[in-house]
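Student: let me see the structure of the following:
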Amino acid sequence: MRGYGIALAALLLSSEVLASVTVRKTDRGPTGYEVDFRYVNTTAKRVLIGGGMQPFTDQFHTTGTSYRFNGRYDPHDYKPGDFYVSNPSPQLPAEPAYKWPYEMTQSAEGVWTYTAPFPSGIYSFAYLVNCNYAPNCSIDTGHLVIDPDLPPFQNVPGDQVSSSFQVPFDARFQFSPELNTNFDYALDTPDPHLHRGTVQTANYTSPGSIHPAPDVHDFGIYLPAEYGRSPGNKSYPLLYLSHGAGGNGADWENLGRMSHILDNLIRLGHIPPTVVVTPSFYNLDASGGRFIYGNKSHSVPIPPADAVRQNFEKYLFPWVEAHYDVCRNASCRAFAGLSMGGVLAYEMFVNATDTFDYYGMFSPATNPPYVNASSVAETPALMRKGIMVAYGLYDFVFPQARALQEALDAVGIRYINRVTPFGAHYWNTWLDELWWFGVKVLWKDLPFGVETGRK
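Tutor: Model (predicted):
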């Protein structure tokens with residue numbers, strides 16, 4: 001299940017190559033690495049690379065609200081301190097006022113290529129065929145094609161609409177004193193025989209669910225390398241890790257290399273071997289219609305956090321405990337999530353307080369009412385949890401996350417705060433936050449004190 005992420009390059013040796021992505025170490029600027037894309041399509045008139053590929057910017061020309069104030073760079077113009085950010089597509093003007101930087105050229109009949117230097121990071125991508133404006137091209141318009149030779153991690157076909165690759169960090173060319181955009185903690189572990197866990201998808205009984213089948217729902221699961229090898233009946237700490245709006249349970253692995261991050265957190269001794277479950281919160285019932293990943297023409301409302309919590313408590317949590325060797329008490333259970341998943345983590349904090357002792361609220365899109373003195377008086381355990389509130393410096397949920405912090409401060413609830421210095425509302429931010437959640441918060445001594453973050 002991990003083959004798609006093991007090799008540095010997706011090299012295809014067959015003479016019938018349809019596509020390939022190759023990450024090459026160049027030992028020269030601007031980044032020390034170049035990425036070669038090759039795609040075969042004999043009927044295409046134009047091919048862009050999209051599906052998650054973003055323009056670059058720098059910390060002085062970034063905003064999440066308007067293209068007018070964004071310094072948007074082609075990757076060929078990269079300089080240390082630049083980073084890629086999510087694209088506020090509704091604000092972008094049509095071509096030629098704004099030209100998408102990732103345009104392939106036809107190097108031979110039907111053979112499309114593109115080469116550019118890329119800095120450290122994980123990049124999701126798909127080919128946009130006969131597409132004239134990248135932000136408008138999606139799977140439902142018929143323009144988006146997933147790389148046929150680098151399939152994404154997913155439960156069933158259609159659960160993901162992009163593949164991904166990773167570029168390492170080279171400090172000679174990419175180091176910036178203002179930022180740390182080194183994402184090598186998400187690379188495959190250097191000693192895979194000892195520290196590489198397994199990641200897979202699983203289906204469980206969930207009455208009322210409509211995907212992937214009636215009364216069946218799904219999740220992804222990471223099992224640490226030693227799982228199943230240790231003698232005796234060992235129960236492993238358990239982290240639930242939620243996606244955000246418009247995503248599903250395969251996102252954290254396909255787009256965020258969650259398993260590599262966990263391998264390295266465990267290998268370096270930041271956390272003990274831990275099981276991670278990545279659930280899906282859409283399609284738990286038919287009330288909002290079926291969620292189809294990447295289908296812009298079919299909008300599905302985000303399910304209420306309390307309804308998701310109740311479903312998970314009734315079906316998901318018991319199923320996981322019955323089928324895996326995982327811990328069954330709050331001291332070794334955690335819930336974290338990004339964006340709307342951060343809202344779900346907050347929901348678990350206030351309404352499933354006795355189920356988890358650790359919470360990661362990454363780019364949380366929370367809104368009041370928040371905890372207050374009455375909440376704490378009614379549930380004193382709120383004061384004795386390990387909490388991280390994290391968001392990007394250029395994150396559009398920055399005000400909401402700060403408001404959540406102010407509410408926690410007002411009642412004296414201790415937590416760790418991480419403001420990702422290069423972070424927009426995008427995967428590079430959430431990689432950073434998962435890593436520091438493991439380093440500074442997960443399974444650390446409670447209650448949190450002023451020294452907790454130093455250990």
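Student: work out the gap between stretch 439-452 and the centre of the chain.
Tutor: Distance of stretch 439-452 from the chain centroid (CA atoms, centre = their mean, to the nearest Å) equals 24 Å.
Student: residue 240 and residue 335 touch, don't they?
Tutor: Yes. With contact taken as CB atoms under 8 Å, residue 240 and residue 335 are classed as touching, separated by 4.6 Å. Any C-beta I mention is one placed from the backbone N, CA and C, and that applies to glycine too.
Student: what's the overlap in contacts for the two?
Tutor: Here residue 240 and residue 335 have residue 356 as joint contacts, going by CB atoms under 8 Å, 6 or more residues apart in numbering.
Student: quick one, what contacts the most far-flung residue of the chain relative to its centre?
Tutor: With distances taken as CA atoms, centre = their mean, the residue sitting farthest from the centre of the chain turns out to be residue 109, at 36.7 Å. For residue 109, the contacting residues are residue 42, by CB under 8 Å, 6+ apart.
Student: gap between it and residue 202?
Tutor: Relative to residue 202, residue 109 is positioned 45 Å away (CB to CB, to the nearest Å).
Student: okay, how far is it across stretch 291-311, tip to tip?
Tutor: Taking CA to CA, to the nearest Å, the span from the opening residue of stretch 291-311 to its closing residue is 17 Å.
Student: residue 319 looks like it's in a helix, true?
Tutor: Yes. Remark: residue 319 belongs to a helix, assigned using DSSP: H, G, I helix; E, B strand; the rest coil.
Student: tell me which element the residue nearest to residue 166 when sequence neighbours are not counted falls in.
Tutor: Nearest-residue entry for residue 166: residue 122, 4.8 Å, with adjacent residues in sequence omitted and distances by CB to CB, 6 or more residues apart in numbering. Assignment of secondary structure by DSSP states H and E places residue 122 within strand 121-129.
Student: how about residue 23?
Tutor: When secondary structure is defined using DSSP H and E, the element that contains residue 23 is strand 19-25.
Student: which ones are touching the nearest residue to residue 442 once chain neighbours are set aside?
Tutor: If the residues on either side of it in the chain are set aside, residue 442 comes closest to residue 271, at 5.2 Å by CB to CB, 6+ apart. Going by CB under 8 Å, 6+ apart, residue 271 touches 237, 262, 265, 438, 442-443.
Student: so which of those residues are in strands?
Tutor: Using DSSP state E, no member of these sits in strands.
Student: biggest separation within the residues you listed, which pair?
Tutor: Based on CB to CB, the longest span within these runs between 262 and 443 and measures 12.5 Å.
Student: more neighbours, the two?
Tutor: For residue 262 against residue 443, the residue with the higher neighbour count under other CB atoms under 10 Å is residue 262, and the figures read 29 against 18.
Student: which residues touch the more buried one?
Tutor: 197, 222, 224, 271, 274, 276, 438.
Student: pretty sure the fifth one sits against residue 266.
Tutor: Yes. Checked against CB under 8 Å, the pair residue 274 and residue 266 is within contact range at 7.0 Å.
Student: name the residues contacting each of the two.
Tutor: The contact sets of residue 274 and residue 266 overlap at residue 224 (CB under 8 Å, 6+ apart).
Student: for residue 445, give its distance to residue 451.
Tutor: Looking at residue 445 against residue 451, where the rule is CB to CB, the gap reads 9 Å.
Student: just checking, residue 386 touches residue 361?
Tutor: No. The pair residue 386 and residue 361 does not pass the contact test of CB under 8 Å, sitting 11.7 Å apart.
Student: more crowded one of the two?
Tutor: When residue 386 and residue 361 are compared on other CB under 10 Å, the one with more neighbours turns out to be residue 361, at 32 against 25.
Student: pLDDT score for the residue nearest to the more buried one when sequence neighbours are not counted?
Tutor: Counting by CB to CB, 6+ apart, the nearest residue to residue 361 once its immediate chain neighbours are dropped is residue 342, at 4.3 Å. Here the pLDDT value assigned to residue 342 is 98.
Student: after the strand or helix carrying residue 342 comes which helix or strand?
Tutor: Assignment of secondary structure by DSSP H and E places residue 342 within helix 340-351. Once helix 340-351 ends, the next helix or strand along the chain (criterion: DSSP H and E) is strand 358-362.
Student: which residues does that next one contact?
Tutor: With contacts defined as CB under 8 Å, 6+ apart, strand 358-362 is touched by 239, 241, 333-339, 341-342, 345-346, 348-349, 385-391, 401, 404, 429-430, 433-434, 437, 441-443.
Student: could I have the buried ones of those residues as PyMOL selection syntax?
Tutor: A single PyMOL command selects the buried members of those (16 or more other CB atoms under 10 Å):
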select buried, resi 239+241+333+334+335+336+337+338+339+341+342+345+346+348+349+385+386+387+388+389+390+391+401+404+429+430+433+434+437+441+442+443
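Student: sounds good, over and out.
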